[in-house]
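Participant: What follows is a predicted structure for the sequence shown.
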Amino acid sequence: MLAVALDRSILLAAEPGTGKTLVGLKVIEDFKRRGIGPALVVCPLSLIETAWMEDAARFTPDLKLVNLWHPTQKGREARLSQPADAYVVNYESWKSLRLRMYDMRFRLLVLDESSKLKNVSSAITRMMTRFAQQVPHRVLLSGTPTPNSLLELFPQMRCVRPAVLGQNYIAFRDLYFYPNRQVEVSARVRDERGRPVLDAVQGAEGVEYRERRERRTVGTDWRITEANRARLMQAVAEDVLWIAKKDCLDLPPLVDEIREFEMDAAARKAYVSIMSRNAEKYGDYNVLPGNALKDVMKVRQTTSGFLIDDDGEVHDLSRKRFSLLKEELEFLGHEQAIIFATFHWEIDRIKEMLNDLGKEYAELHGRVDPAIRPEQIRRFKCGQAQYLVAHPASCGHGQNLQNCCYAIYFSLDYSPEEFTQSRERMARPGQTRKMTCVFLRAKKTIDRRIYETLKNKGDMAVAALEELRKYQGK
């Protein structure tokens, strides 16, 4: 792979968990050894710290990487002025810095999760395609470069080598694909103020109110024949390297990947308030009382973007975590996945998001009638549902879900047993693929400590008390 990347530009299409970040770092390291630089890495914000910066410190400590993310333009520009072997920036911040970057004469461009550029008509795709052409070496990394259709390969190949598939998208589409049918999705009907329209329906226990939905046409379903698929794969064979988990024999059987996001101001304010209140209440204890853990863990609501007050009212603070979840699902493409969440509010919002995306899902949590749980599991295992939205406690003992190899932990509870059991649902007899667990976390919050404590089977009460004392500065 290194030899290929140093000789020409390439798209590395490697399944999640196969070490794309390490490959990118090794390419940058080899360029530095040859006196060629600097390099620019563009990736999702959630990968800057937990993937690129952490892996660089662990595997390539001699590389100097600068994280360009900063909440202000002035701060981003100041970081760009620092000397470095490579600069790491998220796609959104890159747009604000791109004019300065044209003058920096980068020798290597690494585009991580290049499926961000799958939409041929999007502004970020057009801007990045132009920018990429003035960088001599380009390496694109993606777990699922074409999550929806092989049509999405076209804009990414324009960043790799434009001559491969040509410059005209319509000509490319008509050469390999044919129109099959109009695509329809089930969409929520909203009123003029953007609120969901509710219909009164007579149910078994009286009148129920349900959201009105309608079928909407969103485009054309373009298909490709097997013969044309083979032709297309042959056309890009020299420029795309496909790597599957099953081909990586030295991978651990279960891989953890971390995705982090910045909290919105409202959610951060609520988080600080609750942490401060609990730190004042419990910070001087040597041992947390039995009922204190529930109070301390309430802060976890704010990292998911909501808060249930003492009167039971739910305050919707932020949807940052949901945006990150949507991003992860796009990366996985057509792969099945289990989505674990701990609060009812989270589960309801996840279901709303999947409905809006037109995705089929099954449910397994405390509010699902035990009589229909077997049918829910059957739908997921046979592939009728792409996702299983589950609470770890309901998806613990006895469930065999080896039909999928991806689990996304939207949030974590504080039960080490449920954590361990839920992780093992995919690792059952008959599983033939490497498995990946993706954990979503709010940066600079208790989320990180909860994950580390659960993974190491530590005492959550002790960990919570230590976090409170740290918050007090003790």
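Facilitator: Right, received. Where do you want to start?
Participant: contacts and neighbour counts: CA atoms only from here.
Facilitator: Will do.
Participant: what residue lies at the spatial centre of the chain?
Facilitator: residue 328 (2.7 Å; C-alpha atoms, centre = their mean).
Participant: is it true that that residue lies in a helix?
Facilitator: Yes. Looking at residue 328 with DSSP: H, G, I helix; E, B strand; the rest coil, it is inside a helix.
Participant: For it, give me its contacts.
Facilitator: Shown in contact with residue 328 (C-alpha atoms under 8 Å, 6 or more residues apart in numbering): no residues.
Participant: Adjust the sequence numbering to begin at 571 for everything that follows.
Facilitator: Sure, I'll start counting at 571 from here, so that last one is residue 898.
Participant: gap between it and residue 651?
Facilitator: Residue 898 sits 32 Å away from residue 651, taking C-alpha to C-alpha, to the nearest Å as the criterion.
Participant: How about residue 910?
Facilitator: From residue 910 to residue 651 the distance is 42 Å (C-alpha to C-alpha).
Participant: what does residue 836 give?
Facilitator: Counting by C-alpha to C-alpha, the gap from residue 836 to residue 651 is 32 Å.
Participant: and if you look at residue 826?
Facilitator: From residue 826 to residue 651 the distance is 34 Å (C-alpha to C-alpha).
Participant: Over to residue 900?
Facilitator: 34 Å.
Participant: Run through the residues that contact residue 612.
Facilitator: If you count contacts by C-alpha under 8 Å, 6+ apart, residue 612 has them with 658-661, 664, 679-682.
Participant: three-state assignment of it?
Facilitator: strand.
Participant: And whichever helix or strand residue 915 is part of, what does it pack against?
Facilitator: Element membership for residue 915 (DSSP states H and E) is helix 914-926. Judged by 3 or more C-alpha pairs under 8 Å, 6 or more residues apart in numbering; DSSP states H and E, helix 914-926 is in contact with strand 747-758, strand 957-960.
Participant: pull the CA atoms of the last one into CSV?
Facilitator: Okay, so that is strand 957-960. Presented in CSV, the C-alpha positions along strand 957-960 are these (Å, rounded to 0.1, in the frame of the first residue of the first chain):
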residue,chain,number,x,y,z
TYR,A,957,-31.0,-1.7,12.2
LEU,A,958,-31.9,-3.0,15.7
VAL,A,959,-32.5,-0.2,18.1
ALA,A,960,-31.9,-1.7,21.5
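Participant: List the buried residues of it.
Facilitator: 957-960 (16 or more other C-alpha atoms under 10 Å).
Participant: and of those residues, the nearest to residue 784?
Facilitator: residue 957 (22.0 Å; C-alpha to C-alpha).
Participant: would residue 992 count as being in a helix?
Facilitator: Yes. According to three-state DSSP, residue 992 belongs to a helix.
Participant: number of nearby residues for it?
Facilitator: 24 (other C-alpha atoms under 10 Å).
Participant: and it, how far is that from residue 963?
Facilitator: For residue 992, the distance to residue 963 - C-alpha to C-alpha - is 8 Å.
Participant: Same question for residue 874.
Facilitator: 19 Å.
Participant: Tell me which of those two has more neighbours.
Facilitator: residue 874 (26 against 19).
Participant: Strands of the stretch 921-1044 of the chain, start to end?
Facilitator: 931-934, 957-960, 976-979, 1005-1012 (DSSP state E, counting those that start in this stretch).
Participant: And those strands: which comes nearest residue 914?
Facilitator: Nearest of those (C-alpha to C-alpha): strand 957-960, 10.3 Å.
Participant: Let's verify residue 704: helix, strand, or coil?
Facilitator: With three-state DSSP as the criterion, residue 704 reads coil.
Participant: any idea which residue of the chain is furthest from its center?
Facilitator: Outermost in the chain, C-alpha atoms, centre = their mean: residue 776 at 40.9 Å.
Participant: Show me what that residue bridges to in the sheet.
Facilitator: Residue 776 has these beta-bridge partners by DSSP bridges: residue 773.
Participant: and it, what pLDDT?
Facilitator: At residue 776, the model reports a pLDDT of 75.
Participant: Okay, it and residue 678: tell me how far apart.
Facilitator: 65 Å.
Participant: go on, residue 914?
Facilitator: In terms of C-alpha to C-alpha, residue 914 sits 46 Å off from residue 678.
Participant: who's more crowded, these two?
Facilitator: When residue 914 and residue 678 are compared for neighbours, residue 678 comes out ahead with 25 against 13, by other C-alpha under 10 Å.
Participant: which one of residue 836 and residue 651 has more residues nearby?
Facilitator: residue 836 (14 against 10).
Participant: excluding its backbone neighbours, what's nearest that one?
Facilitator: Of all residues not flanking residue 836 in the chain, residue 887 sits nearest, at 5.9 Å (C-alpha to C-alpha, 6 or more residues apart in numbering).
Participant: returning to what we had before: right, so of the strands of the stretch 921-1044 of the chain, which gets closest to residue 597?
Facilitator: Closest of the strands of the stretch 921-1044 of the chain to residue 597 is strand 1005-1012, at 24.3 Å (criterion: C-alpha to C-alpha).
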